[in-house]
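Enquirer: Okay, sequence plus prediction incoming.
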Amino acid sequence: MYKRILLPIDLDQESSREKALPVAMEYCQIFGARLFLLTVVPEFGSGLIGSFFPPDFEEKAISEARDRIEALAREKISSNIKVSCHVAQGPAYEEILSSARELKADLIVMASHRPELKDYLLGPNAARVVRHAPISVLVVRN
Ligand code: ADP
C-alpha cells in the first residue's frame with residue numbers, strides 16, 4: 001500500500017522520534033516500503049543578526065545535521081529496511097512538505113508534538129503538515 005514513507009526528525013527533540021520512528025519502521029516492514037529520514041535545520045537569518053554568525057556556520061550546522069541523522073539511521077533502523085537520509089534548510093513544515101513532494105513520498109509519519117507540552121494536541125509543524133499535505137499523514141500521538 002505505502003511504498004515511500006517520510007519520517008521527519010527534529011534532532012533537538014530526542015523524544016519526538018521515540019514513538020514515531022518505531023511506527024514508521026513497522027509500516028516499512030509491513031508494506032516493504034522505503035524510508036526517508038529528513039531533518040530540517042533553520043535558516044540563521046541575514047542582515048544584522050546573520051552578521052554575528054561566523055561565515056561557515058550554516059555549512060557546519062548542515063554537515064552536523066547530516067552526520068547525526070546518518071548515525072541515527074545506522075543505530076536505529078533495521079538493516080532490512082532501505083533508508084536514505086536528507087537534510088533541508090528553512091521553516092520545518094515547508095521543507096517537510098516540499099521534500100515529501102520531491103521524494104514522491106506517499107505517507108508522512110510524524111509525532112504530534114513534544115511529549116512535555118501536554119496542553120495542546122498538535123505542534124505547529126505537525127498541524128501545518130496535516131493541513132497542507134496532499135498525501136496521508138500519520139500523526140503518532142505523544
Ligand atoms: P513541537 O513544537 O512540540 O516540537 P512540532 O509540530 O514542531 O511540535 O513537532 C512535531 C513533529 O514535527 C516532530 O516530531 C517532527 O516529526 C516534525 N518536526 C519538527 N521540527 C522538525 C525539524 N526541524 N526537522 C524535521 N522534522 C521536524
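Expert: Cool, got the structure.
Enquirer: tell me the pLDDT at the closest residue to the ligand within the chain?
Expert: Scanning the chain for the residue nearest the ligand gives G123, at 1.9 Å (criterion: CB to the nearest ligand atom). In short, each C-beta sits where N, CA and C put it, glycine included. In this prediction, G123 carries a pLDDT score of 92.
Enquirer: Chain neighbours aside, what residue packs nearest to it?
Expert: For G123, the nearest residue in space outside its immediate sequence neighbours is H113; the separation is 3.4 Å by CB to CB, 6 or more residues apart in numbering.
Enquirer: Next, the residue lying farthest from the centre of the chain: phi, psi?
Expert: In the chain, the greatest distance from the average C-alpha position (CA atoms, centre = their mean) is reached by L48, at 29.4 Å. Taking degrees, to the nearest 10, you get phi -60, psi -50 for the backbone angles of L48.
Enquirer: That one and P91, how far apart?
Expert: With the distance defined as CB to CB, to the nearest Å, L48 ends up 20 Å from P91.
Enquirer: E102 now?
Expert: Applying CB to CB, one obtains 16 Å for the distance of E102 from P91.
Enquirer: So if I had to pick from these two, which one is more boxed in?
Expert: Set side by side, E102 and P91 show more neighbours around P91, with 15 against 11, by other CB atoms under 10 Å.
Enquirer: for whatever helix or strand E59 lives in, the distance to its chain's centre please.
Expert: Taking DSSP states H and E as the criterion, the element that holds E59 is helix 57-76. Relative to the centre of its chain, helix 57-76 is centred 12 Å away, using CA atoms, centre = their mean, to the nearest Å.
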